[in-house]
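Chemist: what follows is a predicted structure for the sequence shown.
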Amino acid sequence: MSDTVNPAVIRRADYAAPAFLIDSVALEFDLVPERTIVKSTMRVRRNPDAGAAHGAPGARLELMGEALEFIGAAIDGKALPEGAVRAHEHGLTIEHAPDAFTLTIESACDAGANTTLSGLYVSSGNFFTQCEAEGFRRITYFLDRPDVMATYTVTLRADKAAYPVLLSNGNLIEEGELPDGRHFAKWEDPFKKPSYLFALVAGKLVSIDERIRSGSGKEKLLQVWVEPHDLDKTRHAMDSLIHSIRWDEERFGLELDLDRFMIVAVSDFNMGAMENKGLNIFNTKYVLANQETATDTDFGNIEAVVGHEYFHNWTGNRVTCRDWFQLSLKEGLTVFRDQEFSADMQGGATDEAARAVKRIEDVRVLRQMQFAEDAGPMAHPVRPESFVEINNFYTMTVYEKGAEVVRMYQTLFGREGFRRGMDLYFKRHDGQAVTCDDFRHAMADANGRDLAQFERWYSQAGTPRISVRTAYDAVAQRYSVTLAQGYGDASNAARETQKGPLLIPFAIGLIGRDGKDIALRLEGEAEAKGTTRVIELTEQEQTFTFVDVKEAPLPSLLRNFSAPVIVEYDYTNDELAFLLAHDSDPFNRWEAGQRLATRELLALAARAQAGEPLALDDSTVAAFSRVLTDETLSPAFRDLAMMLPSESYLAEQMAEADPAAVHAARQFARKRLANALKRDWLSIYESHATPGAYEPSPEAAGHRALKNLALAYLAEADDPADAIRLANAQYDNANNMTDRAAALAALLAASASAGTDAAERALEDFYRRFEQEPLVIDKWFALQATQRGSAQRPVIDIVRKLMAHPAFTLRNPNRARSLIFSFCAANPSQFHSADGSGYAFWAEQVVALDALNPQVAARLARSLELWRRYTPALREKMREALERVAGQVKSRDVREIVEKALA
Ligand code: B3K
Ligand code: ZN
């Protein structure tokens, strides 16, 4: 194939409309694991809007295809002779295609041997598909690009005993018996869609069903399909689906457009879930839950992911992406929608403190993961300019930073303004494949604003830094705030994209000595308006002056994290303690504690590096003690406030990351807080028990979270005897997985600090008790992979031993993630062990996974991408491991990651 058809690097600037369009497709499947025959009949026509180069008469039609066996093709019923059609590694070339015609293609694929979990594959004996981004071409030859939208009719034929259930997108229009014990089902999707939204499922599955009426009164059938033994774990997913449908009607006026909406769970799946039209396919992890097997976090994640996939029905499916560079058009927007959904479910529209809990959790993820991505070789804008493998760009930047970009429209225009923009977006683009610019223009036009500058949020990579200076003039009673924006020392990948200042909505409040908010009046305004103002920073540097300020205030900056930026301001420790105690903005209350903790922990890490003794100020301990015991705050908030910044976040803040020093510092601080506040922890442990029947409500979950945090801290105390006693009792008596898993984690921590084997009994019991529950066994692996190790008992030894456990397999992504990813990405001090043993293990596993499943291998490969930011000794060992992998891997997926890391 020529490089122009399959270039190594795909660039946004090279986008060209397709030369041909496919208006409708009828697919017929004869499902057999080793050789499934697919017959596709398409209505094809030349695209009137294609560029001249493509539209020339006699142009050839290039269809994409991968890992397919070509059987035959016909145009308007006439078989194509040899020479007129050519099958090759990347697809099918048809010479001299007419202007409009019916194209029939027959091909075969081997689903049974497909370990990539992209295209058609078999899992536990059942058939599933995954097409986004480019898996449809592994099922049949097609114009597998999102700007080619067609209507689909799908006929599935299979052995009835082995595959009693046959599902595809849309509505079931016919089913019946066939000779030889076979049967068929015919599905029709009335909506045009891109090929990445196609799906089929066939096998032995059962469903729970609900019938509901949508807002306009139409009856809808909702189903959650699972393997028979999992039927008792579907209620929460179904409830989450019903809540999602109601929420989208209420908040955005968007109704379910199909008569039937299905969710199917599969245990072998590369990511969380997939929004195929009317037939969402989910990783079992985001469907199955009951109190015995799932934690409160799992319940929350399921609600969020069910919501996310459902919300895609409008943001992604009805309006889709023109090309994959626009991925954030659907992902950033849909993450924003699922975040708002979860916040509304927790706190309603108005309970700001409860909503803040969700906001804090989301910002933690963004800062920990997306900021790190932005600092490394994979840094890219929310709308990337180029890629080698699109699957590598389902990133924190596209998803989470993309969601922050969408959130900023709402921060600028308010909920009503944002809704106006959404309404206009659907009015203009329903049924189309569009771009991020189209969304921005809808927001701008609906709100009468010029948002040209805002485009930079889509085109510039790197995390913006805002440095803040303040000045108070007591005589004039003026307080000025100067904001200056830049990117600091961004990575090369990011720097190349940076062109100019951003439009940054910056929410600010001023706090008086009494701890209360001051009414805000900006210079030039007739009167004060509110106590939080969103000021708009548009230049490199700008000063905003508040008047009538009677005393020197304390600024509360970037309230509710109004933009995805780093704020630099020299608060004193006392000021941070004051904000932690008084800020009316719950997000910034939490933020003050995090700033204080980060500063202290980094100082401790520096001392650990220098071999100096470690010490933590009484005043810092006291500031945390006050939050912990403040009964006016919700338990969920206190849990988050007492959670120290993660080791990886802290390491990221150092000039040269030193995981061992960070670990020593953080452990020291945890121990200090454990010992100093022991009486508080014990009383919190008692007072936040949730006796009686298990309830998954946010309130009950908050109590459990705080109680289990207390247990975790107690396990760090010099004498962990109390913790071991309480954890053993909690383990035995737990009526839910949250408590049982937390007890096991506490026992593992206590045995590490006390050098005992306090966890052995519970570990064994846990395995035996849940042997039949794969998702729980994943937790069993993950808890062991993330445990604290010691020189005598390095975790790498435990992990290697577990790799040989009969329950371990590399083929199941959840299992691989539970052991390998947990160790490589969530246990930094053990993974970055000075002897390089973690890196050697990483290299082995990346190479092994690459041969089975490149997408999963590429994710794992990313755990070394920040190697240049580490201390010299580690850096050298990481580079060696990366080079070893670069020399062995075959897939485009992993190559892109390691080559960018080494470049
Ligand atoms: N759209 C899918 C992700 C597909 C990933 C392909 N590698 C799930 C989601 O974001 O909803
Ligand atoms: Zn999504």
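Modeler: In hand now; what should we look at? Ligands and ions are numbered 1, 2, ... in the order given.
Chemist: and the top strand by length along the chain, what does it pack against?
Modeler: Ranked by residue count, the top strand of the chain under DSSP state E comes out as strand 182-194. Applying 3 or more Cβ pairs under 8 Å, 6 or more residues apart in numbering; DSSP states H and E, we find strand 182-194 packed against strand 149-159, strand 165-168, strand 171-178. (Glycine included, C-beta is placed from N, CA and C.)
Chemist: what does the stretch 51-200 of the chain put close to ligand 1?
Modeler: 132-133 (Cβ under 6 Å from any ligand atom).
Chemist: show me what contacts the one residue in the stretch 51-200 of the chain that gets nearest to ligand 2?
Modeler: Nearest residue of the stretch 51-200 of the chain to ligand 2: E132, at 8.9 Å (Cβ to the ion). Contacts here follow Cβ atoms under 8 Å, 6 or more residues apart in numbering; on that basis E132 touches 196-197, 274.
Chemist: backbone dihedrals for T41, both of them.
Modeler: phi -120, psi 120 (degrees, to the nearest 10).
Chemist: cool, and L68?
Modeler: The phi/psi pair for L68 (degrees, to the nearest 10) is phi -110, psi 150.
Chemist: can you check the pLDDT for it?
Modeler: Each residue has a pLDDT score; the one for L68 is 98.
Chemist: how about the nearest residue to it once chain neighbours are set aside, what does it touch?
Modeler: Closest residue to L68 apart from its sequence neighbours, by Cβ to Cβ, 6 or more residues apart in numbering: S107 at 4.7 Å. By Cβ under 8 Å, 6+ apart, the residues touching S107 are 37-38, 40, 65, 68-71, 140-141.
Chemist: and for I281?
Modeler: Counting by Cβ under 8 Å, 6+ apart, I281 touches 128-130, 199, 201, 263-264, 266, 269, 273-274.
Chemist: I'd like the residues you listed written out as a markdown table, with pLDDT, secondary structure and neighbour count added.
Modeler: Conversion of those to a markdown table gives the following (pLDDT from 0 to 100; DSSP: H, G, I helix; E, B strand; the rest coil; neighbours: other Cβ atoms under 10 Å):
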| residue | pLDDT | secondary structure | neighbour count |
| --- | --- | --- | --- |
| F128 | 99 | strand | 26 |
| T129 | 99 | strand | 25 |
| Q130 | 99 | strand | 26 |
| A199 | 99 | coil | 28 |
| V201 | 99 | strand | 22 |
| I263 | 99 | strand | 25 |
| V264 | 99 | strand | 26 |
| V266 | 98 | strand | 27 |
| F269 | 98 | coil | 23 |
| A273 | 99 | strand | 23 |
| M274 | 99 | strand | 25 |
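Chemist: returning to that earlier point: got the buried residues for the longest strand of the chain?
Modeler: Using 16 or more other Cβ atoms under 10 Å as the burial criterion, the residues of strand 182-194 that qualify are 182-189, 191-194.
Chemist: rewinding a little: if any of the contacts of S107 are buried, give me the ChimeraX selection for them.
Modeler: Buried residues within the contacts of S107, by 16+ other Cβ under 10 Å, are selected in ChimeraX with:
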select :37,38,40,65,68,70,140,141
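Chemist: and the helix or strand encompassing A26, which residues are buried?
Modeler: Take DSSP states H and E as the rule and A26 turns out to sit in strand 20-30. Residues 20-22, 25-30 are the ones in strand 20-30 that count as buried (16+ other Cβ under 10 Å).
Chemist: which residues sit against stretch 385-396?
Modeler: 8-13, 133-134, 271, 324-325, 327, 331, 365-366, 369-370, 373, 378, 380, 384, 459, 497, 854-855, 858, 891-893, 895-897.
Chemist: close to ligand 1, is it?
Modeler: Yes - using Cβ under 6 Å from any ligand atom, stretch 385-396 comes into contact with ligand 1 via 391, 394.
Chemist: chain center to that stretch: distance?
Modeler: In terms of Cα atoms, centre = their mean, to the nearest Å, the centre of stretch 385-396 is found 14 Å from the chain centre.
Chemist: hmm, E69 is touching C109, no?
Modeler: Yes - shown here, E69 and C109 form a contact pair, counting by Cβ atoms under 8 Å, at 7.0 Å.
Chemist: between those two, what contacts are shared?
Modeler: By Cβ under 8 Å, 6+ apart, the residues touching both E69 and C109 are R35.
Chemist: what residues does the stretch 251-400 of the chain have near ligand 1?
Modeler: 271, 273-275, 308-309, 312, 331, 391, 394.
Chemist: fine by me, thanks again.
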